[in-house]
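[1] Predicted model follows, preceded by the sequence.
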Amino acid sequence: MNISKEQIDALNAVVTVNIEKADYSERVDNILKDYRKNANIPGFRKGHVPMGMVKKQYGTAVKVDEINKLLQESLNNFITEEKLDILGNPLPKEDGDFDWDAEEFKFNFELGLAPEFEVKLQGKKAIDTFKIVATEEMINDQVASFQKQYGTLSPIDAAIENALVAGIFENTDADISKQTTLELENLEEGAQKLFIGAKVNDVVTLNTKEIFKNSQALVTQVGVAQELKDTIDVDVTFTISEINERILAELDQELFDKVYGEGAVTTVTELKDRVKSDTEAQFAQQADQFLLNKVTESVIENTDFDLPAEFLKKWLRTAGEKELTEEEAAAEYEKSEKGLRFQLIEGKIIKDNDLQIQFEELKDFAKGMIANQYAQYGMPAPSDEELEGTAARIFQNQEETKRLSEQLMSTKVLEFYKENVKVKEKEVSFEEFIAEAYKTEEA
């Protein structure tokens, strides 16, 4: 067997595989001998069918199968040994005069080669990054939320501004009948006023357009179909069955312990400091994702290289379950080109900077994520033994393991960017960050 490569240009090559009879004949003969042993052909005892008859019946099919196996093995080995960095898969070049009855064969394969390039992380300008700070209002709102969450409910005779009113929404014609509890302070001002002073068994009539500030609440609390939430305009009755006043929890050690665990916080100042740090830690994740997106855009824009476009379009035609037309393949290439460019760039960054993932690293990352999930729900972290067991169960799921690996690699790449990209940090509120992020996307 002889394999050779012809370099067409920097991005395209043709590999030629020459297969002689000596390369496949022994494999074919051995398989045909096994066929002969087991063949059941009328007129012959099992194992005594003439070899000529076996070859006539099965010879060509076996030959084709073994040559294709040999071809695939040799081509893959050649690509590995020559360290060819290919895109897509080798494409066989059609030969109109091909004859399987011949003894020697010549196969040609087109290869699309990955380009050589240097990564350029950014242009001349520094990339904006954000430090999102929690405002005093945001901190106070969260503290008030804790007081609500761990407060108590006390029955009252008539509804007041902060009352919780239980009852049923009804409109027979609109097929509405929904038991729910309303927090009056969350209603539109006009709707809230209709409830003030109302008592148990009173019936309040409201219009669906005037109850909530967010129409999604019509789905969850009134029972309106999702597709109608923005258009429905009918009157509904609300028959009151229960009225309670929310008594806020005191800002004392009992509340602090319920929220953060025994002794973790001991004063209101410490509580607010903890809320601030936790909130800003969550904001930091969003700021990091924004930075990752911006650097990704920058690196794609500033790292210039060519791709074997025509080869890739040809490969896309047959790469999926359904063969594409030339026009469909061209459209698919246009959609996927940017993603392919970034895969190549990110792969080079990972390789050149040795950002590989070790198993112990991945295990620690998984354990950290598990512990964080407990913390989000105000629960103490499990023991290291329990974390090890949970992580081991996760790694039994290939999809979950892959997802975690991708998350960890994304974290590694982000840290590389932070160390190597010139950034300009802006300190902003969350509202300012959202406005800036959307402004950037729209631009």
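    Sure, I can see it. Residues are numbered from 1 along each chain as shown.
[2] first to last residue in stretch 160-177, what's the distance?
    Criterion Cα to Cα, to the nearest Å; first-to-last residue distance in stretch 160-177 is 25 Å.
[3] Show the average pLDDT along that stretch.
    In this model, stretch 160-177 carries a mean pLDDT of 95.
[4] just stretch 271-283 next, same as before
    94.
[5] Identify each buried residue in it, please.
    Under the neighbour-count criterion of 16 or more other Cβ atoms under 10 Å, stretch 271-283 has 271-272, 274-276, 279-280, 283 buried. Every residue, glycine included, has its C-beta placed from N, CA and C.
[6] Buried residues in the lengthiest strand in the chain, which are they?
    Criterion DSSP state E: the longest strand present in the chain is strand 235-247. The neighbour-count check on strand 235-247 (16+ other Cβ under 10 Å) flags 236, 238, 240, 243-246 as buried.
[7] possible to save those as JSON lines with pLDDT and distance to Ala163?
    Output for those, formatted as JSON lines (pLDDT from 0 to 100; distance: Cβ to Cβ, whole Å):
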{"residue": "Val236", "pLDDT": "97", "distance to Ala163": "19"}
{"residue": "Phe238", "pLDDT": "97", "distance to Ala163": "13"}
{"residue": "Ile240", "pLDDT": "97", "distance to Ala163": "10"}
{"residue": "Ile243", "pLDDT": "97", "distance to Ala163": "6"}
{"residue": "Asn244", "pLDDT": "97", "distance to Ala163": "7"}
{"residue": "Glu245", "pLDDT": "95", "distance to Ala163": "6"}
{"residue": "Arg246", "pLDDT": "91", "distance to Ala163": "8"}
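[8] from those, which is closest to Gly123?
    Of all the buried residues of strand 235-247, Gly123 sits closest to Arg246, with 54.2 Å by Cβ to Cβ.
[9] one step back: now the buried residues of stretch 271-283 in JSON lines, with distance to Gln149 and secondary structure?
    Shown next, in JSON lines, are these (distance: Cβ to Cβ, whole Å; DSSP: H, G, I helix; E, B strand; the rest coil):
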{"residue": "Leu271", "distance to Gln149": "13", "secondary structure": "helix"}
{"residue": "Lys272", "distance to Gln149": "16", "secondary structure": "helix"}
{"residue": "Arg274", "distance to Gln149": "15", "secondary structure": "helix"}
{"residue": "Val275", "distance to Gln149": "13", "secondary structure": "helix"}
{"residue": "Lys276", "distance to Gln149": "18", "secondary structure": "helix"}
{"residue": "Thr279", "distance to Gln149": "16", "secondary structure": "helix"}
{"residue": "Glu280", "distance to Gln149": "21", "secondary structure": "helix"}
{"residue": "Phe283", "distance to Gln149": "21", "secondary structure": "helix"}
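[10] now the residue lying closest to Gln147 once chain neighbours are set aside: how far from Glu189?
    Using Cβ to Cβ, 6 or more residues apart in numbering and skipping the chain neighbours, the partner closest in space to Gln147 is Leu248 (4.0 Å). Leu248 sits 22 Å away from Glu189, going by Cβ to Cβ, to the nearest Å.
[11] So those two - more neighbours on which side?
    Each of Leu248 and Glu189 has its neighbours counted (other Cβ atoms under 10 Å); Leu248 has more, 15 against 8.
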